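[1] Sequence and computational prediction follow.
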Amino acid sequence: QVQLVESGGGLVQAGGSLRLSCAASGTIFSINAMGWYRQAPGKQRELVARITSGGVTSYADSVQGRFTISRDNAKNVVLRTVHLQMNTLKPEDTAVYYCNAEKILTASGYVADSWGQGTQVTVSS
């Protein structure tokens, strides 16, 4: 069984910074990619940032240049932990942020994806 545990959300003033972390646990042989999504009240969940096992990153246009996704381990070690450094936060970044892991190879075979429980980020103006 795969579990994603998130940490680091909270309340910050506009212009401030927060760092989110997500760690995958379980018997995991590989993870294709990990990412952060967010969902604001009344809106659809959207991709914020993603990193592949090879270290390729991608970002939503709205966070490009302000957010940075990174991994804990070298590229030749199983992707398990990711961080999202969020700088120059804006009120519109307020949302529940969810960690996601894609195509996870476990002892029982492949799991298409797994989600964390979500962590609240609130940016005050």
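    The structure has been received and is ready for your questions.
[2] which residues does the most centrally placed residue in the chain bridge with?
    In the chain, the residue lying closest to the centroid (Cα atoms, centre = their mean) is residue 36, at 2.7 Å. Using DSSP bridges, the beta-bridge partners of residue 36 come out as residue 49, residue 99.
[3] quick one: pLDDT of it?
    On the pLDDT scale, residue 36 is placed at 98.
[4] residue contacts, it?
    Contact partners of residue 36, counting by Cβ atoms under 8 Å, 6 or more residues apart in numbering, are 20, 22, 47-50, 69, 82, 84, 97-100. (C-beta placed from N, C-alpha, C; glycine too.)
[5] swap the cut-off to 6 Å and go again
    Neighbouring residues of residue 36 by Cβ atoms under 6 Å, 6 or more residues apart in numbering: 48, 49, 84, 97.
[6] got it, and residue 50?
    Contacts for residue 50 (Cβ under 6 Å, 6+ apart) come out as 33, 35, 58.
[7] for residue 45, same thing?
    Per Cβ under 6 Å, 6+ apart, neighbours of residue 45: 37, 39.
[8] thinking again about what came up before, I'd like the contacts of residue 36 as TSV, with distance to residue 27, pLDDT and neighbour count appended.
    Converted to TSV, those look like this (distance: Cβ to Cβ, whole Å; pLDDT from 0 to 100; neighbours: other Cβ atoms under 10 Å):
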residue	distance to residue 27	pLDDT	neighbour count
48	28	98	23
49	26	98	24
84	25	98	25
97	26	98	23
